[in-house]
Every structure is written in structure tokens, then in C-alpha cells.
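Novice: Sequence first, predicted coordinates after that:
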Amino acid sequence: MVLRGKFIALNAYIKKSKRAQIDNLRSHLTELEKQEQSKPKLSRRKEITKIRAELNEIENLEEMDKFLDTSTLPRLNQEEVESLNRPITGSEIEAIINSLPTKKKSRTRQIHSQILSAVQRGAGTIPSEIIPISRKRWNPP
């Protein structure tokens, strides 16, 4: 029970020191921004950018910590861990690739690619076999 209390106290201290660090950086940032408004300097501008990046990184880490604290991650047994850590063989990769569905081009895309290749070849006219011409006339209702 004593270890649990020390652990809680240590976590509270860490959170407090992180908060103090963030507050320090923010106050320094506002001070630099005020100075930058009155007398712009390139070195100051770089420092402002650096502090903003550092603050962003700290805040992102805090968000990840909150997420990890609130979510319960699944526990794997030793057999599952070994299964996930084993190397993937070439035959397994090949089997997965072969099992992927093949996506056929639509008729419109086929015609478009054929017309494009005919134009790129420099053909003056589009070959009639590319675009089948219907003998029936369409009559609107």
C-alpha cells in the first residue's frame, strides 16, 4: 500500500512539473511576442517558432498520455506475442497479394486510355474499333 501511495505522489509531482514547464514556456513566448511586435528580429522569430514547436510537442504527448490512461489496451498471451513477432515469409506475402481483388477498368476508362494512346502516337483520326458506333439511332421519349 505504501508503494501505491508513493507512485501516486510521484505521478502528481511529474504532472505538476510538466504544467509548470508549460506555463513557463507560454509566459516566455508571450514576452517574446510582445518584444517582436515592438522590434522585429530574426533570431527572436526563430526562438518563437522553436518554443511553439516545443509547446505543441508537449501538448501532443499529454493528449497521448490521457488517451492511454483512459483506454484499456488488450493483453496478449505469450503465444499471440510470438505469432505477431515472427517474420513473414515470401509465400505468405505472395498468397495475400494473389487474394486481393483485381479491379477492372470501366469501359469508359478503357476507351479514354485507348483514345489518349492514339493521340499520343500521333494518329490523325481515332480508329473506329476503339469507339463502337451504334447503328440504331437513339430517340428520346
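Specialist: Arrived safely. Being a predicted model, the structure only gives us computed values, none of them experimental.

Novice: how close does residue 23 get to residue 59?
Specialist: When distance is defined by Cβ to Cβ, to the nearest Å, residue 23 is 13 Å away from residue 59. To be clear about C-beta, it is placed using only N, CA and C from the backbone, and glycine gets the same treatment.

Novice: Kindly report the same for residue 68.
Specialist: Look at residue 68 and residue 59: by Cβ to Cβ, they are 15 Å apart.

Novice: cool, residue 4 as well?
Specialist: Per Cβ to Cβ, residue 4 is found 29 Å from residue 59.

Novice: Tabulate the CA atom coordinates of the lowest-mean-pLDDT helix or strand in the chain in CSV.
Specialist: Among the helices and strands of the chain, helix 107-121 carries the lowest confidence by mean pLDDT, DSSP states H and E, at a mean of 71. This file holds the C-alpha atoms of helix 107-121, laid out as CSV (Å, rounded to 0.1, in the frame of the first residue of the first chain):
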residue,chain,number,x,y,z
ARG,A,107,-15.5,0.7,-70.3
THR,A,108,-15.3,4.5,-70.2
ARG,A,109,-11.8,4.4,-68.8
GLN,A,110,-10.7,1.8,-71.3
ILE,A,111,-11.9,4.0,-74.2
HIS,A,112,-10.3,7.1,-72.6
SER,A,113,-6.9,5.3,-72.3
GLN,A,114,-7.1,4.0,-75.9
ILE,A,115,-8.0,7.4,-77.3
LEU,A,116,-5.2,9.0,-75.3
SER,A,117,-2.7,6.5,-76.6
ALA,A,118,-3.9,7.0,-80.2
VAL,A,119,-3.5,10.8,-79.8
GLN,A,120,0.0,10.3,-78.2
ARG,A,121,1.0,8.1,-81.1
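
Novice: Determine how far it lies from the middle of the whole chain.
Specialist: Mean-position distance between helix 107-121 and its chain equals 35 Å (Cα atoms, centre = their mean, to the nearest Å).
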